[in-house]
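[1] Predicted coordinates and the sequence they were generated for:
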Amino acid sequence: MAINDCVEVSCGWSPDVVALADKRFVLNGAPSLSQVRARYSRKYLQVLKRGNIKSLTEYYLVKGILDGGGVEPGADEAGKLAAMLADYESRVP
């Protein structure tokens, strides 16, 4: 429950802030925030299952996970996330 609360609190953070948090977590011997988000976020799992991004909050969540190393580069999931980001970016003015 505490992990999900942390993920929810950080869902609106910009990619730069997530990257900073990732570095701090890893320096202290913990998994990065991006890794935790990818594994435990209910919202992330909903977006992944749905296959598209509906809001800016979801966009930042997916972007943070993808950019922050929460998904192995080249994995099928990484490709799916990149496609969802590109689709959302094309729909937003």
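    Good, I have the coordinates.
[2] Distance of the nearest residue to residue 11 once chain neighbours are set aside relative to residue 5?
    Distance criterion C-beta to C-beta, 6 or more residues apart in numbering; nearest residue to residue 11, sequence neighbours excluded, is residue 61 at 5.0 Å. In this view, the C-beta of every residue, glycine as well, is placed from N, C-alpha and C. The gap separating residue 61 from residue 5 is 15 Å, by C-beta to C-beta, to the nearest Å.
[3] These two: who's more crowded?
    Neighbours around residue 61 and residue 5, counted as other C-beta atoms under 10 Å, are more numerous at residue 61. The numbers are 26 against 9.
[4] Need the residues that contact the helix or strand harbouring the more buried one.
    Residue 61 is part of helix 56-67, with elements assigned from DSSP states H and E. Contact partners of helix 56-67, identified using C-beta atoms under 8 Å, 6 or more residues apart in numbering, comprise 10-15, 18-19, 33-34, 37-38, 41, 43-44, 47, 53, 70-71, 78, 81-82, 84-85, 88, 92.
[5] Could you look up the next helix or strand downstream of that helix?
    Next element after helix 56-67 (DSSP H and E): helix 76-91.
[6] Counting neighbours, show which residues of that following helix come out buried.
    Judged by neighbour count (16 or more other C-beta atoms under 10 Å), helix 76-91 contains these buried residues: 81, 84-85, 88.
[7] Which other helices and strands does that helix contact?
    Packing contacts for helix 76-91, counted by 3 or more C-beta pairs under 8 Å, 6 or more residues apart in numbering; DSSP states H and E, involve helix 42-50, helix 56-67.
[8] how about a cut-off of 7 Å?
    Applying 3 or more C-beta pairs under 7 Å, 6 or more residues apart in numbering; DSSP states H and E, we find helix 76-91 packed against helix 56-67.
[9] how big is the angle separating the helix it packs on from helix 42-50?
    Interaxial angle, helix 56-67 versus helix 42-50 (axes from the mean of the first three to the mean of the last three C-alpha atoms, to 10 degrees): 90 degrees.
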